[in-house]
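S.K.: Give me a model of this one.
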Amino acid sequence: MKKVLFLCTGNSCRSQLAEAYLRHFAGNQAEVYSAGVETHGVNPRAIATMKEDGIDISGHTSNHVDEYRNIDFDFVITVCDHAREVCPYFPTNAQKFHHNFSDPAKAAGDEATIMAAFASVREEIKAYCEAWVGENIR
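M.R.: Here you go, the predicted model:
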């Protein structure tokens, strides 16, 4: 079974969505984790936008990358430029991937506008994860 880590700045939104979608698409073919170079807690809007797509992440936790130092990952995927720039060295042979997704937590405006930003990023991450599983897991 392949071990995959999604890494973001605060492990509050983008990496949480990616973790959930990769689990969804990979099924029992991958063990999926997410972490941040900081921890900000799981964003309530991330929980809400995933619920709209039928996936419950309300039980997810925001984890620091140091918690996973002893896991030999097959893949490490950074989902924001900041995490890629400050990503700590992993003593592993993990294959590294990077895709910079916009941060919906920085969206401004009324609630409908902010949730539209979350939905847009959710759909980008969903498409990325589905394609990634097809290319790297199956």
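S.K.: which helix in the protein runs the most residues?
M.R.: The single longest helix within the chain, with elements called by DSSP state H, is helix 111-136.
S.K.: Give me the buried positions along that one.
M.R.: Using 16 or more other C-beta atoms under 10 Å as the test for burial, helix 111-136 gives 114-115, 117-119, 121-122, 124-126, 128-129, 132-133, 136. For glycine as for every other residue, the C-beta is placed from the backbone atoms N, C-alpha and C.
S.K.: What segments of this protein are helices?
M.R.: Secondary structure of the chain by DSSP H: the helices cover 14-26, 44-52, 81-86, 111-136.
S.K.: For the residue lying closest to E124 once chain neighbours are set aside, which residues are in contact?
M.R.: Spatial nearest neighbour of E124, excluding adjacent residues (C-beta to C-beta, 6 or more residues apart in numbering): F101 at 5.9 Å. F101 makes contacts with R14, V79, C80, V121, E124, I125, Y128, as judged by C-beta atoms under 8 Å, 6 or more residues apart in numbering.
S.K.: So the first one is in contact with D103, correct?
M.R.: This points to R14. Yes. The pair R14 / D103 is scored as a contact, 6.8 Å apart, by C-beta atoms under 8 Å.
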